[in-house]
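> how would this look folded up:
(one chain, ligands or ions: 1)
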Amino acid sequence: MESQSGAASAEPSPMRVLVVDDERNIRNTLRICLEGFGCKVREATTPESALAALAQGPADLALVDLRLGTASGLELVPRMLAESPGLDIVLITAYATFDTAVEAVKRGARDYLPKPFTPAQIRHVVDRARAHRELASRLGELEGQLAQTAPEATLETASPAMHAAIGLIARAAASEAAVLLRGESGTGKGVLARALHSMSPRRKRPFVTVNCPTLSEQLLASELFGHMRGAFTGAVRDQPGRVEQAEGGTLFLDEVAEMSPALQAQLLRFLQDKQFERLGEGRTRRADVRVVAATNRDLEKDVAEGRFREDLLYRLNVVEVKLPALRERPEDVLPLARRFVAFFARAAKRPPPELSPATEAMLLAYGWPGNVRELRNAIERALIVWPAEVLEPQAFPERIAAAAGSLVTLGGPHTLEEVEREHILRVMASAPTLDEAARVLGIDASTLWRKRKKYEAPPGASGQGEA
Ligand SMILES: Nc1ncnc2c1ncn2[C@@H]1O[C@H](COP(=O)(O)OP(=O)(O)OP(=O)(O)O)[C@@H](O)[C@H]1O
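The predicted structure is shown next:
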């Protein structure tokens, strides 16, 4: 695999701090101090300018003076949180009382800092906000992984075409360019989008997926860009979209071809100048998000037939990566199969079975139209129906064995014994119990027991108890 070290050694993105204070001296002191800690600092002097600054671009931390001229920092806290839900807010004041501290925290501020403060205290506040930011994005990532409960993805490959694709992804990861992943369904576009994110300097920020075809036009617009309360029936509260959730990170648009023309126009605008509006909101927002898209469609054909905007295609495919189908990377079939066997055996708390030579030949001969996903599902099923230490072809669906020519067919050039063996093993693999298998076969359980031993069937196939 291509080296990942260039991207992996990149510094985490700087903390973005908004200082809200009407006193210039305090703002200057804080700016010098925060910039010394590597933060990016913006300033605001009034509640209105603080909210406008947040609308212009998000912050990780806000240091807010309790007294802003005639306005109160306390009242600003919930308004800032409505604008930017994950924001860490720390109130600063010379008039420290226990009651105001409690009130500040009740309203959603993280902490409270009495004046005069020291640089060490400011550093502590920044460090805690940074830890909080990292935890939140790690949590989002883990939730995403949990939802998949998939075997861990591997980027190891013996296929030159896949090696080239992964190399391109590793190089693209270090840049900010939009990446378009192309390939048949199940080739691993989602897996590689996530890999790209984790190799990129944005890896400590969220990776957010939007599956375009699963939603109606309005819901997809709202999912992407968010909505305001009352924007449509059912919009009962203000809701940020995925674009805002992905702030600082990567947004993965799966099956991007499935977007309406209106939404394509909004996405194009977002790609051009990072600007968008929540549904039903007049105000324009910005988000710092890298877009990675995937499609299994012929987008050029969609462009030629007027279904997809050409200008959007050129914005999305700055770097284009073509993933080979599994049948075009036969070198990887058995290593992937063994990896899935190990994963599902571990999940079932049993030792990983071997693949018999006939099974290996079958896996290599089959065309895998559903690609890596189909292979994974076939192995998962095989481990359920076949508890023996060696996985035989009969543990796999008939279409796989048939296409590979390893299936014994009625009337084919087989001995009676071969046909009997195939039939008995298949019935046993699909029957819930050995007794049931014997019933289907029309023989008694003790006869089946003898035949099973003869044909070296796995003991207790399909989880049946001993007869
Ligand atoms: N390199 C890999 N290592 C391990 N598992 C993989 C790998 N590539 C794909 N898979 C498995 O195959 C399944 C399909 O992968 P993925 O969802 O990334 O494909 P896709 O091309 O995005 O498919 P679709 O177009 O249908 O969304 C995943 O659940 C994953 O378990």
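> alongside the ligand, which residues does this protein contribute?
Taking C-beta under 6 Å from any ligand atom as the criterion, the neighbours of the ligand within the chain are 150-151, 153-154, 183, 185-191, 254, 294, 296, 372-373, 376. Placement of C-beta: from N, CA and C, glycine included.
> now, those residues that are in helices?
Secondary structure of those is defined by DSSP state H; positions in helices are 189-191, 372-373, 376.
> pipe those residues into a markdown table and attach neighbour count per row.
Converted to a markdown table, these look like this (neighbours: other C-beta atoms under 10 Å):
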| residue | neighbour count |
| --- | --- |
| 189 | 25 |
| 190 | 20 |
| 191 | 19 |
| 372 | 22 |
| 373 | 18 |
| 376 | 20 |
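> adding distance to residue 343 and pLDDT, write these out as a markdown table.
Formatted as a markdown table, these follow (distance: C-beta to C-beta, whole Å; pLDDT from 0 to 100):
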| residue | distance to residue 343 | pLDDT |
| --- | --- | --- |
| 189 | 20 | 96 |
| 190 | 17 | 94 |
| 191 | 14 | 94 |
| 372 | 13 | 96 |
| 373 | 14 | 94 |
| 376 | 9 | 94 |
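> for the chain, what's the longest helix?
Assignment by DSSP H; longest helix in the chain turns out to be helix 119-148.
> got any ranges where the stretch 251-400 of the chain has weak pLDDT?
Segments of the stretch 251-400 of the chain classed as low confidence (criterion: pLDDT under 70) are not present in this model.
> do the same with the stretch 51-200 of the chain
95-98, 140, 143-151.
> host element of residue 259?
For residue 259, there is no host helix or strand (DSSP states H and E).
> measure how buried it is and give me the count.
By the other C-beta atoms under 10 Å criterion, the neighbourhood of residue 259 contains 24 residues.
> so it makes contact with residue 212?
Yes. If you go by C-beta atoms under 8 Å, residue 259 and residue 212 touch, sitting 5.7 Å apart.
> quick check: neighbours shared by these two?
When C-beta atoms under 8 Å, 6 or more residues apart in numbering defines a contact, the residues bordering residue 259 and residue 212 alike are residue 220.
> about what we covered before: ok, then the element right after the longest helix of the chain?
The C-terminal neighbour of helix 119-148 among helices and strands, as given by DSSP H and E, is helix 160-173.
> residues contacting residue 157?
Counting by C-beta under 8 Å, 6+ apart, residue 157 touches 1, 163, 166, 329, 331-332.
> correction: the previous question concerned residue 206.
If you count contacts by C-beta under 8 Å, 6+ apart, residue 206 has them with 137, 140-141, 245-250.
> what about 10 Å?
Residue 206 is in contact with 86, 136-141, 144, 197, 242, 245-251, 289, counting by C-beta atoms under 10 Å, 6 or more residues apart in numbering.
> can you say which of those are buried?
Buried by 16 or more other C-beta atoms under 10 Å: 86, 137, 140-141, 197, 242, 245-251, 289, out of the contacts of residue 206.
> and for the closest residue to residue 110 other than its chain neighbours, the neighbour number?
Setting aside the residues directly before and after it, residue 110 is nearest to residue 88 in space (C-beta to C-beta, 6 or more residues apart in numbering), at 4.9 Å. Using other C-beta under 10 Å, residue 88 has 23 neighbouring residues.
> and the gap between residue 88 and residue 109?
Here the criterion is C-beta to C-beta, to the nearest Å. By it, residue 88 lies 9 Å from residue 109.
> what touches both of these two?
Both residue 88 and residue 109 are contacted by residue 62, under the criterion C-beta under 10 Å, 6+ apart.
> residue 24 touches residue 43, doesn't it?
Yes. Because the distance of 9.1 Å satisfies C-beta atoms under 10 Å, residue 24 is recorded as touching residue 43.
> those two: who's more crowded?
Remark: of residue 24 and residue 43, residue 43 carries more neighbours, 17 against 10, as counted by other C-beta under 10 Å.
> okay, and that one sits in which element?
For residue 43, the element it lies in under DSSP H and E is strand 40-44.
> helices and strands around that strand, which ones?
Contact partners of strand 40-44 among helices and strands, from 3 or more C-beta pairs under 10 Å, 6 or more residues apart in numbering; DSSP states H and E: strand 16-20, helix 24-36, helix 47-56, strand 61-65.
> quick one: it to chain centroid distance?
Averaging C-alpha coordinates over strand 40-44 and over its chain gives two centres that are 32 Å apart (C-alpha atoms, centre = their mean, to the nearest Å).
> please renumber the chain so that the first residue is 721 from this point on.
Right, with 721 as the first residue, what we last looked at is strand 760-764.
> tell me the buried residues in it?
Residues of strand 760-764 classed as buried by neighbour count (16+ other C-beta under 10 Å): 761-764.
> list the residues that contact residue 1038.
By C-beta under 10 Å, 6+ apart, the contact list for residue 1038 reads 892, 895-900, 991, 1011.
> distance of it relative to residue 1051?
For residue 1038, the distance to residue 1051 equals 30 Å [C-beta to C-beta].
> now residue 923, nearest residue through space, not along the chain?
What sits nearest to residue 923 in space, not counting adjacent residues and going by C-beta to C-beta, 6+ apart, is residue 917, at 6.1 Å.
> can you pull out the helices in the stretch 921-1070 of the chain?
Using DSSP state H, counting those that start in this stretch, the helices of the stretch 921-1070 of the chain run over 937-945, 962-965, 981-993, 1019-1024, 1030-1036, 1053-1067.
> report all helices and strands that the first one contacts.
Judged by 3+ C-beta pairs under 10 Å, 6+ apart, the packing partners of helix 937-945 are strand 927-931, helix 962-965, helix 981-993, strand 995-996.
> please repeat the previous calculation with a cut-off of 8 Å.
When contacts are defined as 3 or more C-beta pairs under 8 Å, 6 or more residues apart in numbering; DSSP states H and E, helix 937-945 packs onto strand 927-931, helix 962-965, helix 981-993.
> any idea of the mean pLDDT for that helix?
Helix 937-945 shows a mean pLDDT of 88.
> relative to strand 927-931, how tilted is it?
170 degrees (axes from the mean of the first three to the mean of the last three C-alpha atoms, to 10 degrees).
> quick check, distance from helix 937-945 to the centre of its chain.
When distances are taken as C-alpha atoms, centre = their mean, helix 937-945 is centred 18 Å away from the chain's centroid.
> check which residues of that helix are buried.
For helix 937-945, the buried set under the neighbour-count rule, 16+ other C-beta under 10 Å, comprises 938, 940-945.
> how is this protein carved up into domains?
For the chain, the domain assignment from automatic domain parsing gives the residue ranges 726-854, 870-1044, 1048-1183.
> give me phi/psi at the nearest residue to residue 915 once chain neighbours are set aside?
Taking C-beta to C-beta, 6+ apart as the measure, residue 915 lies nearest to residue 875, with 6.0 Å between them; neighbours along the chain are not counted. Here is the backbone geometry of residue 875 (degrees, to the nearest 10): phi -100, psi 10.
> so which elements touch the helix or strand where residue 1140 lies?
Residue 1140 belongs to helix 1136-1150 when elements are defined using DSSP H and E. Of the remaining helices and strands, those touching helix 1136-1150 by 3+ C-beta pairs under 8 Å, 6+ apart are helix 1154-1161, helix 1165-1174.
> if you set the cut-off to 6 Å instead, what comes out?
Using 3 or more C-beta pairs under 6 Å, 6 or more residues apart in numbering; DSSP states H and E, the elements in contact with helix 1136-1150 are helix 1154-1161.
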